[in-house]
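Visitor: Return atomic coordinates for the entry below.
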Amino acid sequence: MDIAKFTDIELETYITRIMLEVGVPAHLKGYHYLRDAILLSGRDMEVVSSVTKLLYPVVAKRFKTTDQKVERAIRNAIEVSWVRGNTDTFTELFGYSVEDGKHRPTNSEYIARIADKIRLDVKAM
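Guide: You can find the predicted model right below:
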């Protein structure tokens, strides 16, 4: 099945489920920015190759804020989930977790990996 056949609401619901499994707190601004960034990346993986030039400006425009604030809020949300989140889910998604002594994934790695998971899961349906 093609990802284009899914509505934004269906994809947002699925992304939200994954983000909650990983442990991204919903009260953070970065949670909403991250969900939007993953949705955009799931629809078009090209934006992941240039997060600062393509992805952050689009998310910032949607939320009426700046690229820098989007980048920082996403980084903070990922950091919080890395420290407090479900290590088993991180290991399943990324192949490592904080328990392995590794540093957290970068914003673009995190976004790309979850977007890729969504694309693969949709194809498997």
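
Visitor: all strands of this structure, in order?
Guide: Along the chain, no segments are classed as strands by DSSP state E.

Visitor: So which residue is dead centre in this protein?
Guide: Centroid check for the chain by Cα atoms, centre = their mean gives Ile111 as the closest residue, at 3.8 Å.

Visitor: I figured that residue hits Val51, correct?
Guide: Yes: taking contacts as Cβ atoms under 8 Å, Ile111 lies within contact range of Val51: 7.1 Å. Every C-beta, even on glycine, is put in place using the N, C-alpha and C of the backbone.

Visitor: Quickly list what's touching both of these two.
Guide: Ala37 (Cβ atoms under 8 Å, 6 or more residues apart in numbering).

Visitor: list the contacts for the residue nearest to Asp88 when sequence neighbours are not counted?
Guide: Nearest residue to Asp88, sequence neighbours excluded (Cβ to Cβ, 6 or more residues apart in numbering): Ser97, at 7.7 Å. Residues near Ser97 by Cβ under 8 Å, 6+ apart: 87-88, 90-91.
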